[in-house]
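Enquirer: Next comes the sequence, and after it the predicted model I'd like to discuss.
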Amino acid sequence: MEITSESEIEAIEQAIEDSPSPITIHLQQSLSFLSDRKNPDYRNSIKEAISAVEALCKRITNDPNATLGKALGKLDDETQIKTHKALTKAFENLYGYTSDADGIRHALLDEPTIDFEDAKFMLVSCSNFVNYLTVKASKAGIEL
């Protein structure tokens, strides 16, 4: 696997170690798809990474039926977790990317153009966001 930055490795490991199930399972699966040397599956790595964020947001907002977009909106409105609107919007946009780019979360639309760097970016970004929200939830007294 080509993740060699110590901070990237630490972010992924921390998110996996400190998160409850199913968030941990999504992140482990994302890492597994990304690091498969014989048959890497970047599309599913991205899907699992964003699914980890969605699962955590559902848990924080106590809304198991929410989409990530809806759950992100509820963070500021219905919990004690305060995030900057631009940061929330960034993850809404990443979720949008996974909803339409090359059919990542849905049926394949065209020939996929997803590469290692795309999947690595999503896994590291989603791991960092999971770590961020986990700390915010803890500070707000939300039991995960």
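Expert: Received the coordinates, thanks.
Enquirer: so where's the protein uncertain?
Expert: Along the chain, segments meeting pLDDT under 70 span 1-4, 100-112.
Enquirer: how about the biggest helix by length in the chain: buried residues?
Expert: For the chain, the helix with the greatest residue count under DSSP state H is helix 116-139. Under the neighbour-count criterion of 16 or more other CB atoms under 10 Å, helix 116-139 has 118-120, 122-131, 133-134, 136-137 buried. Yep, even glycine has a C-beta here, placed from its N, CA and C like the rest.
Enquirer: This structure: helices as residue ranges?
Expert: Using DSSP H, the helices of the chain run over 6-18, 23-35, 42-61, 68-78, 85-100, 116-139.
Enquirer: quick one, the shortest one and helix 85-100 angle?
Expert: Right, helix 68-78. Orientation check (axes from the mean of the first three to the mean of the last three CA atoms, to 10 degrees): helix 68-78 against helix 85-100 gives 160 degrees.
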